[in-house]
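1. sequence unknown, structure follows:
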């Protein structure tokens, strides 16, 4: 296959594409940039998206996705049947594997597609590149996760220019934000259970919240399933708004995040939900490589990313006894970043860019 084929050679008029990105939440959101960019240049093409069951509801009613296909990770006995349905449901003109690991390649092999494309190693791992008709080379150091999909699109003759992702969010319940002061800053102290070492200490979140309240700002506290106890010291502060992501669901949580002026969070899914919603973020990033995993800004939005620079960061560890890259971030630094971001927020009542 040539280096850059015209898109018309791979995507006939009114053709169909399968995009695969099974997890995690941030990466699924990054993959929606690829969906948006493809739809922008080829609105005639139907785009299906294969994702894990825990994120399928997030993509429901997404205007640029024709059908959401579900990988039943939480019900493993159903996986063989799911693969067989993928094999027999339809033939795709093009398959784009944005996950590029063993579990996504299982679906690549079962899917019927005229052309299957994914990244080459090292962006592809566990031998995934061998499953594609074309493995697209990637620069080193590897680009941002979202850029992988744009480079795949460029390899088939499209522009490869980024596009703002879109979600069909659920607006906050009537009156949910009615009594809270503005501007509104949401603090999200949690992370996924396997990445607790990326958390900024909750006592510092408390100190930050007290300072923001003293400035006359509205403060909301976000938490997900199993995180209420973690957030409890913050929820005891006077006048804060509790935002229960488990009760709201991912689309409902995104709707609330989109109504906030600033979101402060670690490198976790809600941070990327807020960025997708078009809200300015203060990201407490710690160990991860910001160039690969940082929150995405669209429409002129720039996010503040904080970390304490130590010789061992960035790293790929799943645990750390003393994560100084996070613990070295001071309350003063985060407060200053919030103030700078607030200065850049559109004045109350002025229109914000529509991110879906």
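-> Great, that's in hand. Source: prediction; values computed, not measured.

2. list phi and psi for the nearest residue to residue 79 once chain neighbours are set aside.
-> Leaving aside its chain neighbours, residue 79 sits nearest to residue 72 (6.0 Å; criterion: C-beta to C-beta, 6 or more residues apart in numbering). C-beta coordinates here come from the backbone N, C-alpha and C atoms, glycine included. Torsion angles at residue 72 (phi, psi; degrees, to the nearest 10) stand at phi -80, psi 70.

3. check contacts around residue 72.
-> Residue 72 makes contact with 53, 78-79, 82, according to C-beta atoms under 8 Å, 6 or more residues apart in numbering.

4. quick check, pLDDT for it.
-> At residue 72, the model reports a pLDDT of 93.

5. and the gap between it and residue 96?
-> 22 Å (C-beta to C-beta, to the nearest Å).

6. mind checking how far stretch 237-245 is from the chain centre?
-> Taking C-alpha atoms, centre = their mean, to the nearest Å, one finds stretch 237-245 lying 23 Å from the centre of the chain it belongs to.

7. stretch 45-52 too?
-> Between the centre of stretch 45-52 and the centre of its chain there are 16 Å (C-alpha atoms, centre = their mean).

8. same question for it, mean pLDDT?
-> Here the average pLDDT along stretch 45-52 is 98.

9. what kind of secondary structure is residue 114 in?
-> Assigned with DSSP: H, G, I helix; E, B strand; the rest coil, residue 114 falls in the strand class.

10. ok, it - contacts?
-> 10, 91-94.

11. on the C-terminal side of the longest helix that the chain contains, identify the next helix or strand.
-> Determined from DSSP state H, the single longest helix within the chain is helix 25-41. Using DSSP states H and E, the helix or strand that follows helix 25-41 in sequence is strand 46-52.

12. quick check: angle from that next one to helix 25-41?
-> With axes from the mean of the first three to the mean of the last three C-alpha atoms, to 10 degrees defining the directions, strand 46-52 sits at 180 degrees from helix 25-41.

13. what's strand 46-52 in contact with?
-> With C-beta under 8 Å, 6+ apart, strand 46-52 has contacts from 14-23, 28, 31, 35, 38-39, 59, 62, 64-71, 73, 86, 92, 107.

14. name every strand pairing with that strand and say which way it goes.
-> Strand 46-52 pairs in its sheet with strand 16-20 (parallel), strand 67-71 (parallel), by DSSP bridges.

15. now the last one: buried residues?
-> Put plainly, it is strand 67-71. Using 16 or more other C-beta atoms under 10 Å as the test for burial, strand 67-71 gives 68-71.

16. equivalent analysis for stretch 196-211, please.
-> Buried-residue list, stretch 196-211, by 16+ other C-beta under 10 Å: 197-200, 202, 204-209, 211.

17. mind putting those into JSON lines with distance to residue 43 and secondary structure?
-> Shown next, in JSON lines, are the buried residues of stretch 196-211 (distance: C-beta to C-beta, whole Å; DSSP: H, G, I helix; E, B strand; the rest coil):
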{"residue": "197", "distance to residue 43": "44", "secondary structure": "helix"}
{"residue": "198", "distance to residue 43": "39", "secondary structure": "helix"}
{"residue": "199", "distance to residue 43": "42", "secondary structure": "coil"}
{"residue": "200", "distance to residue 43": "42", "secondary structure": "coil"}
{"residue": "202", "distance to residue 43": "46", "secondary structure": "helix"}
{"residue": "204", "distance to residue 43": "47", "secondary structure": "helix"}
{"residue": "205", "distance to residue 43": "43", "secondary structure": "helix"}
{"residue": "206", "distance to residue 43": "48", "secondary structure": "helix"}
{"residue": "207", "distance to residue 43": "49", "secondary structure": "helix"}
{"residue": "208", "distance to residue 43": "44", "secondary structure": "helix"}
{"residue": "209", "distance to residue 43": "45", "secondary structure": "helix"}
{"residue": "211", "distance to residue 43": "47", "secondary structure": "helix"}
